[in-house]
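Enquirer: sequence and predicted structure, then a few things I'm wondering about:
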Amino acid sequence: MPRTDVTTKIGVGGRVVIPADLRREIGADIGDEVILRLAGGEIYILTRSQATQKAQALVRKSIPKGRSLVKELLRERRKEAERE
């Protein structure tokens, strides 16, 4: 299990080094873009994949069980195609 609390310093230009074991744990590599999220006075670092998964989970909660947005979209597209 990786370390969960790490002390690091803010360097020139506001740079922060994320240790390799923590980067590996979240699936981030040197050069990857990450998302910084400020919530409750804390900064969270997320990969794009993590941010996407969180957004999908949030949207999923608002969709009633048994409702398929894909089917609705396909139905709407078919209707649009028929009108053209």
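Expert: Sure, I can see it. Numbering: from 1, shown residues only.

Enquirer: can you show me the strands along the chain?
Expert: Along the chain, counting by DSSP state E, strands occupy 34-39, 42-47.

Enquirer: center of the protein, which residue is that?
Expert: Residue closest to the average C-alpha location in the chain (C-alpha atoms, centre = their mean): Ala51, at 0.7 Å.

Enquirer: check contacts around that residue.
Expert: Counting by C-beta atoms under 8 Å, 6 or more residues apart in numbering, Ala51 makes contact with 35, 37. For every residue, glycine as well, the C-beta is placed using N, CA and C.

Enquirer: which of the strands of the chain is buried the deepest?
Expert: The highest average neighbour count among those, using mean count of other C-beta atoms under 10 Å, belongs to strand 42-47 at a mean of 13.

Enquirer: let's have the strands of the chain in JSON lines, adding mean pLDDT and distance to Ala81.
Expert: Shown next, in JSON lines, are those (pLDDT from 0 to 100; distance: least, C-beta to C-beta, whole Å):
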{"stretch": "strand 34-39", "mean pLDDT": "95", "distance to Ala81": "37"}
{"stretch": "strand 42-47", "mean pLDDT": "94", "distance to Ala81": "37"}
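
Enquirer: list the beta-bridge partners for Ile10.
Expert: Val16 (DSSP bridges).

Enquirer: and it, how close does it get to Arg78?
Expert: Separation of Ile10 from Arg78 (C-beta to C-beta, to the nearest Å) stands at 54 Å.
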